[in-house]
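Chemist: next comes the sequence, and after it the predicted model I'd like to discuss.
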Amino acid sequence: MTALDRGSRSTFRVWNVWGVKSVQEESLSLDELARQLGRDRRELEKLANRGRIPGRKRDGVWQFHGREITQWLEQEMRDFSDSQLRDVEQSTHSGAKFEDLPVSHLIRPETIEFPITGKSKRSVLEHLIEAAGRTYEVWEPARVLAAVMEREDDLSTGFAGGIAFPHPRNPMPETLGDSIVAFGYAPGGIPFGSPDGQLTDLFFLILCRDSRTHLRVLARLGRMANDSEFLHALRMAEDSTEVFQIIEQADAAIAAKK
């Protein structure tokens, strides 16, 4: 059970932490953080005192940086249930119709690398960024690669079950024409820092121009990855065309649940 699973079962709300740039760049008090997350203030204070939430005390008062909180939430999402991930999706919905299918909207047949021949973390990421670049939406691939590698060196984006969602630590709108998702399958898998210690063979590269889109895509991919049949289908696919169809169908199936 994760930190966010303990205590009350109030609705998980992240709109102001993830969706508004100014909040990400500002400090939050303990009361403000409790309101943004919809959690009990005393519960969060206990977690902060135990070092479970990134923050610091100034003159005896807890302060939290919005950017650090988003990164912490990102890690907490590893253990979120489908309903919690759905809450994240709903909290980031802006009303645009395409947001019902966030992954299908951003992934394209040409951004699927199937299979990936790389055998190291760097080579796999290079293949994924090259695939994303086929859309001509990645303006500075070397800079994007450096940012994604830095994120992985700091804290792996690998999840249990052999899947990873590599991405930069922060959105990079100055390097992208549009948000994009790329997929790659590395037969046999490679070490990628998965929490279960297993090899990783399925990779979804997430490159977004803003935090709201990033969170929405990550939440949807998390829901898709919770379906073992979806992961099995990706591994058994014959080619990139079939992979694209599998991803579209899984995205649509989740959208239909609403």
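Modeler: Sure thing, it's come through.

Chemist: what residues are up against the spatially most central residue of the chain?
Modeler: Residue closest to the average C-alpha location in the chain (CA atoms, centre = their mean): residue 218, at 3.4 Å. Applying CB atoms under 8 Å, 6 or more residues apart in numbering, we find residue 218 in contact with 74, 77, 165, 167, 206. Glycine gets a C-beta too; all of them are placed from N, C-alpha and C.

Chemist: redo those residues as a markdown table? Include neighbour count and secondary structure.
Modeler: A markdown table is the format used below for these (neighbours: other CB atoms under 10 Å; DSSP: H, G, I helix; E, B strand; the rest coil):
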| residue | neighbour count | secondary structure |
| --- | --- | --- |
| 74 | 19 | helix |
| 77 | 21 | helix |
| 165 | 22 | coil |
| 167 | 24 | coil |
| 206 | 23 | strand |
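
Chemist: which stretches of the stretch 51-200 of the chain have low pLDDT?
Modeler: Applying pLDDT under 70 to the stretch 51-200 of the chain picks out residues 91-99.

Chemist: strands of this protein, start to end?
Modeler: Using DSSP state E, the strands found in the chain span residues 27-29, 56-58, 61-65, 107-113, 158-159, 163-164, 180-190, 200-207.

Chemist: include distance to residue 249 when you put these into CSV, please.
Modeler: Listed next are the strands of the chain as CSV, based on distance: least, CB to CB, whole Å:
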stretch, distance to residue 249
strand 27-29, 40
strand 56-58, 46
strand 61-65, 40
strand 107-113, 13
strand 158-159, 21
strand 163-164, 17
strand 180-190, 14
strand 200-207, 16
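
Chemist: out of these, which is closest to residue 173?
Modeler: Closest to residue 173 of those, according to CB to CB: strand 200-207, at 10.2 Å.

Chemist: need the distance between the two termini of stretch 190-198.
Modeler: Chord length of stretch 190-198, first to last residue, is 9 Å (CA to CA, to the nearest Å).

Chemist: distance from the chain centre to that stretch, please.
Modeler: 17 Å (CA atoms, centre = their mean, to the nearest Å).

Chemist: residues contacting it, please?
Modeler: For stretch 190-198, the external contacting residues (CB under 8 Å, 6+ apart) are 78, 118-121, 124, 152, 156-162, 164, 189, 199-201.

Chemist: buried residues, that stretch. List them.
Modeler: 190, 192, 194 (16 or more other CB atoms under 10 Å).

Chemist: could you do stretch 127-144 as well?
Modeler: 127, 128, 129, 130, 131, 132, 133, 134, 135, 137, 138, 144.

Chemist: and these, which two are the farthest apart?
Modeler: Taking CB to CB, the two most distant members of these are 127 and 137; they sit 16.7 Å apart.

Chemist: ok so, going back, among the buried residues of stretch 190-198, which one sits closest to residue 172?
Modeler: Checking the buried residues of stretch 190-198 against residue 172 by CB to CB gives residue 192 as the nearest, at 21.3 Å.
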